[in-house]
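Novice: Fold the following, please.
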Amino acid sequence: MGNVVYVETSVISYLAARPSRDIIIAGHQQTTQDWWASERTNFSVYASPLVFREASAGDPAAAIARLQCLRDIPLLAITPEAEQLAETLIQRAALPPKAAADGLHIATAAFHRVDFLLTWNCAHIANAIKRPLIEQICRECGFAPPVLCTPDELIGGNRDVE
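Specialist: This is a model prediction of the structure:
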């Protein structure tokens, strides 16, 4: 089945959240719901135990909704190699120390040769300024980096061009 996608926790959070009054967040929520409904079947979708752990945190009712979204999503193992790559991303300043979990999302996706890491975290993951260094470090450590993108960027890629 086509390309492989790792869904990061922010995607699951937007998918399961009550509609926001903030117009930007509401737009992201709608895009996420559209991607989940119409595009997800075009990909092999995975998460990780870290996504599961993060989705389990916080308000119990919201956590249940997030975990419901993850119920049929297989989890990729967090390996020692991924943990080392995540640490290297922080040591080399591709990510700040407070973004250790974000580094582990990227590293887990890279270790498992995932094609796309789907996220709404544009501060540390889908960030055009940080992307070249993240990709360089992944390659230097022997891993092909996933394409770091938002659901906006991953819609329609598998459709025939008219």
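Novice: Can I get stretch 40-56 in PDB, CA atoms only?
Specialist: Provided in PDB are the C-alpha atoms of stretch 40-56 (Å, rounded to 0.1, in the frame of the first residue of the first chain):
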ATOM      1  CA  ARG A  40      -5.700   8.200   5.100                       C
ATOM      2  CA  THR A  41      -6.700   5.100   3.100                       C
ATOM      3  CA  ASN A  42      -4.100   6.100   0.500                       C
ATOM      4  CA  PHE A  43      -1.300   5.500   3.000                       C
ATOM      5  CA  SER A  44      -0.100   2.900   5.500                       C
ATOM      6  CA  VAL A  45      -0.500   4.900   8.800                       C
ATOM      7  CA  TYR A  46       1.500   4.300  11.900                       C
ATOM      8  CA  ALA A  47       2.100   5.900  15.300                       C
ATOM      9  CA  SER A  48       4.500   5.000  18.200                       C
ATOM     10  CA  PRO A  49       4.200   4.300  21.900                       C
ATOM     11  CA  LEU A  50       5.200   7.900  22.400                       C
ATOM     12  CA  VAL A  51       2.100   9.100  20.400                       C
ATOM     13  CA  PHE A  52       0.000   6.700  22.500                       C
ATOM     14  CA  ARG A  53       1.500   8.000  25.800                       C
ATOM     15  CA  GLU A  54       1.000  11.600  24.800                       C
ATOM     16  CA  ALA A  55      -2.500  11.000  23.600                       C
ATOM     17  CA  SER A  56      -3.300   9.300  26.900                       C
END
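Novice: Flag the shaky bits of the protein, pLDDT-wise.
Specialist: Residues of the chain meeting the criterion pLDDT under 70: 1-2, 157-162.
Novice: Strands along that one, start to end?
Specialist: Along the chain, the segments classed as strands by DSSP state E run 4-7, 44-46, 116-118, 147-149.
Novice: Ala94: which of the ones you listed is closest?
Specialist: strand 147-149 (11.2 Å; Cβ to Cβ). Where C-beta positions appear, they are placed from N, C-alpha and C, glycine not excepted.
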